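Asks: sequence and predicted structure are below.
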Amino acid sequence: MRLTQTQQTAIRNTVARIMGADARAWLFGSRMDDTARGGDIDLYIETDHIVPNRVQALCRLEGALVMALGDRKLDILLKDMRTPETPIFRIAKQNGAQL
C-alpha cells in the first residue's frame, strides 16, 4: 500500500468526522501496488446510515481530504444504505485494504 501511516490516519479521521463514526474506508486501485509510482487515491467509503445529500457529502469529504492530505487527485465511491450493491463496490472491498 502506497500511503504513509500519517496519510492513512488522516483519511480515517476525516471520513469519521465528515461521514460519521460508523463509516469505513478502503483504499483500492493503483495505490495498492507497491511497485507502481504515482496515481490517484481511490477510496471506497461505506456507511450504515442513509446519506440524505450525497453530492454535498462527497464535496465536503473531498474538500476535507484535500485539506488533510494536500492537493492530490482523489476518486471516492460512496455506498450508503440506499445505494444498491454494484460490482465496483464489491471489487473495491475485495481488492482493497480497509484503512
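Replies: Cool, the structure landed. Just so it is clear, the model here is predicted, and its values are computed rather than measured. Numbers count the residues shown, from 1 in each chain.
Asks: and the residue nearest in space to the middle of the chain, what element?
Replies: For the chain, L43 is the residue whose C-alpha lies nearest the centre (CA atoms, centre = their mean; 2.8 Å). Using DSSP states H and E, the element containing L43 is strand 41-46.
Asks: quick one: name whatever helix or strand follows that strand.
Replies: helix 54-69.
Asks: residue ranges with poor pLDDT in the chain?
Replies: 33, 35, 38 (pLDDT under 70).
Asks: the strand holding L43 pairs with which strands, parallel or anti?
Replies: Looking at strand 41-46 with DSSP bridges, its partner strands are strand 24-28 (antiparallel), strand 74-79 (parallel).
Asks: quick one: distance of the longest one to the chain centre.
Replies: When you say that, I think you mean strand 74-79. Put simply, strand 74-79 sits 5 Å off its chain's centre (CA atoms, centre = their mean, to the nearest Å).
Asks: want to throw the strands paired with strand 41-46 into a markdown table with mean neighbour count?
Replies: The way it works is simple: take the backbone N, C-alpha and C, and place the C-beta from them, glycine included. As requested, the strands paired with strand 41-46 are arranged in a markdown table below (neighbours: other CB atoms under 10 Å):
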| stretch | mean neighbour count |
| --- | --- |
| strand 24-28 | 20 |
| strand 74-79 | 17 |
